[in-house]
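Participant: Sequence first, then the predicted structure:
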Amino acid sequence: MITGQSWPEFDPDKCKDDLVEIAIQINGKIRARMDVQSVATSEQLIELAKSHGEIAAMLAGKTIIKEICVPGKLCNFVVK
């Protein structure tokens, strides 16, 4: 009978997402969003953000002062 069965066990690995959406900011303003692998490193995220079509056009001809990256959350470029 169903009343004699045990509850299923919780598996935290099944609750993790493979892809996450990150925000790409320039001077603190969100300019684009991008889906990336959840295990991507800061360096990989920065390179992917720089190669994004809209962001590459906005960064063209500008000097990047600082690159801020929080894996799984956002990439921010401070430019002049």
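Facilitator: Now that the structure is in, tell me what you want to look at.
Participant: residue closest to the middle of the protein?
Facilitator: In the chain, the centroid-proximal residue (C-alpha atoms, centre = their mean) is residue 22; its distance is 3.1 Å.
Participant: Now that one: which helix or strand?
Facilitator: Counting by DSSP states H and E, the element that carries residue 22 is strand 19-26.
Participant: could I have that strand exported to CSV, CA atoms only?
Facilitator: What follows is strand 19-26, C-alpha atoms only, in CSV (Å, rounded to 0.1, in the frame of the first residue of the first chain):
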residue,chain,number,x,y,z
LEU,A,19,22.6,28.0,-17.2
VAL,A,20,22.3,31.2,-15.3
GLU,A,21,21.4,34.7,-16.6
ILE,A,22,23.9,37.4,-15.8
ALA,A,23,23.6,41.1,-16.2
ILE,A,24,26.2,43.0,-18.2
GLN,A,25,26.7,46.6,-17.0
ILE,A,26,28.6,49.6,-18.2
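Participant: And that strand, what does it pack against?
Facilitator: Using 3 or more C-beta pairs under 8 Å, 6 or more residues apart in numbering; DSSP states H and E, the elements in contact with strand 19-26 are strand 29-37, helix 42-51, helix 53-59, strand 74-79. Just so you know, the C-beta spots here come from the backbone N, C-alpha and C atoms, and that holds for glycine as well.
Participant: Neighbouring strands of it in the sheet, and parallel or not?
Facilitator: Sheet partners assigned to strand 19-26 using DSSP bridges are listed as strand 29-37 (antiparallel), strand 74-79 (parallel).
Participant: Pull out the buried residues from the shortest one.
Facilitator: In this case it means strand 74-79. Under the neighbour-count criterion of 16 or more other C-beta atoms under 10 Å, strand 74-79 has 74, 75, 76, 77 buried.
Participant: how big is the angle separating it from helix 42-51?
Facilitator: Interaxial angle, strand 74-79 versus helix 42-51 (axes from the mean of the first three to the mean of the last three C-alpha atoms, to 10 degrees): 60 degrees.
Participant: So what touches strand 74-79?
Facilitator: 22-28, 45-46, 49, 55, 59, 62-69 (C-beta atoms under 8 Å, 6 or more residues apart in numbering).
Participant: now swap in stretch 10-18 and tell me
Facilitator: 37, 38.
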